[in-house]
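**Q** Fold the stuff below for me.
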Amino acid sequence: MSLFNVFDVSGSALQAQSVRLNTTSSNLANANSISSSSGETYRARHPVFAPLMKDFGEQDPDVGVRVLGVVESQKPLRREHNPEHPMADEEGFIFLPNVNVVEEMANMISASRAYQTNVEVMNSAKQMLMRTLAIGQ
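**A** Predicted coordinates for the structure are as follows:
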């Protein structure tokens, strides 16, 4: 594996963590949205990652991570009795998303740290390549 592949691996990780941060921020933005029916209520979303690994014997191995997609959480929605609310259904219930704010904040911290770590990996690889080039001078 060449040192240049480090940029491909870290680049794919940066893209994956960016998707993770975007879905987390969407979940947090909609955490308190209210609906009058369960079908219209926002559901938490989470990205699904998969490793990219081919044989290292190949000339140009494809390694890293890719995003398979974003799935909705299957956790039950929150249902509150609030007959005075304008969005309440005929029984007086409102529906709230299944977003756990504490989990989402932990997920956001984890994703931002993973992003930061991959930036540092890319910077280290760049420094190593620059030093390698300086040897020949």
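**Q** counting contacts, what elements does the helix or strand hosting Ala106 pack onto?
**A** Secondary structure here is read from DSSP states H and E; on that basis Ala106 sits in helix 101-135. Applying 3 or more C-beta pairs under 8 Å, 6 or more residues apart in numbering; DSSP states H and E, one finds that helix 101-135 makes contact with helix 5-29. For the C-beta atoms, the positions are set from N, CA and C on the backbone; glycine is no exception.
**Q** what residue lies at the spatial centre of the protein?
**A** With distances taken as C-alpha atoms, centre = their mean, the residue of the chain nearest its centroid is Arg20 (0.9 Å).
**Q** where in the chain is pLDDT low?
**A** Filtered on pLDDT under 70, the chain yields the residue ranges 1-2, 54-61.
**Q** burial of Pro51, as a residue count?
**A** Pro51 is flanked by 9 other residues according to other C-beta atoms under 10 Å.
**Q** rewinding a little: could you give the number of residues near the residue nearest to the residue nearest to the centre of the chain when sequence neighbours are not counted?
**A** When the adjacent residues along the chain are set aside, Arg20 lies closest to Ala111, with 4.2 Å between them (C-beta to C-beta, 6 or more residues apart in numbering). When neighbours are defined as other C-beta under 10 Å, Ala111 has 21 of them.
**Q** show me what contacts Ala111?
**A** The contact partners of Ala111, by C-beta atoms under 8 Å, 6 or more residues apart in numbering, come to Gln17, Arg20, Leu21, Thr24.
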